[in-house]
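Chemist: The following block contains a protein sequence and its predicted model.
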Amino acid sequence: MATYIISFRLEHDSNYSDRYTSVVNAIRREADGGSKWEEMTSMFILKSVKTADSIASSIYIGSSLDITKDAVLVVNASNGTFATRGKIEYPATLASLFTQDVNAFTGIFGT
């Protein structure tokens, strides 16, 4: 089972509240055993046996996330893999932070 960091950004518009609630509920459903940390506004930490890609897909499919204007990032803190859904403006910059040798989370979570 891996530890995942999930963050999201929603465009603030007339449907923001409904999308926020649906995305948060979809993320909560991904926590194996219900164990999660969600003290931040748009970031969760949870454990799951799924892959980053399958969690990102489940959140997208199971919520009202609008991929034309919203975004979700799922990072496997255990191995540095990640997946996104939605509007990512700088995907190459994001990907450059997750190399095989070093990634943005190695210093925080170890190797």
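Modeler: Perfect, I can see it now. Numbering: from 1, shown residues only.
Chemist: rest of the way, CA atoms for contacts and neighbours
Modeler: OK.
Chemist: Dump the helix ranked longest in the chain to CSV, keeping only the CA atoms.
Modeler: Counting by DSSP state H, the longest helix found in the chain is helix 16-29. Taking C-alpha atoms only, helix 16-29 is exported to CSV below (Å, rounded to 0.1, in the frame of the first residue of the first chain):
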residue,chain,number,x,y,z
TYR,A,16,-17.6,25.8,-7.9
SER,A,17,-19.3,24.7,-4.7
ASP,A,18,-20.9,21.7,-6.3
ARG,A,19,-17.7,20.7,-8.1
TYR,A,20,-15.7,21.1,-4.9
THR,A,21,-18.0,18.9,-2.9
SER,A,22,-18.0,16.2,-5.6
VAL,A,23,-14.2,16.2,-6.0
VAL,A,24,-13.7,16.0,-2.2
ASN,A,25,-16.1,13.2,-1.9
ALA,A,26,-14.5,11.3,-4.8
ILE,A,27,-11.0,11.7,-3.1
ARG,A,28,-12.3,10.5,0.2
ARG,A,29,-13.6,7.3,-1.4
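Chemist: chain center to that helix, what's the gap?
Modeler: How far helix 16-29 lies from its chain's middle: 12 Å, per C-alpha atoms, centre = their mean, to the nearest Å.
Chemist: Can you identify each of the helices in this structure by residue range?
Modeler: In the chain, the helices defined using DSSP H lie at 16-29, 52-61, 91-96, 106-109.
Chemist: list the buried ones in the longest helix of the chain?
Modeler: Buried positions in helix 16-29, judged by neighbour count with 16 or more other C-alpha atoms under 10 Å: 19, 20, 22, 23, 24, 26, 27, 28.
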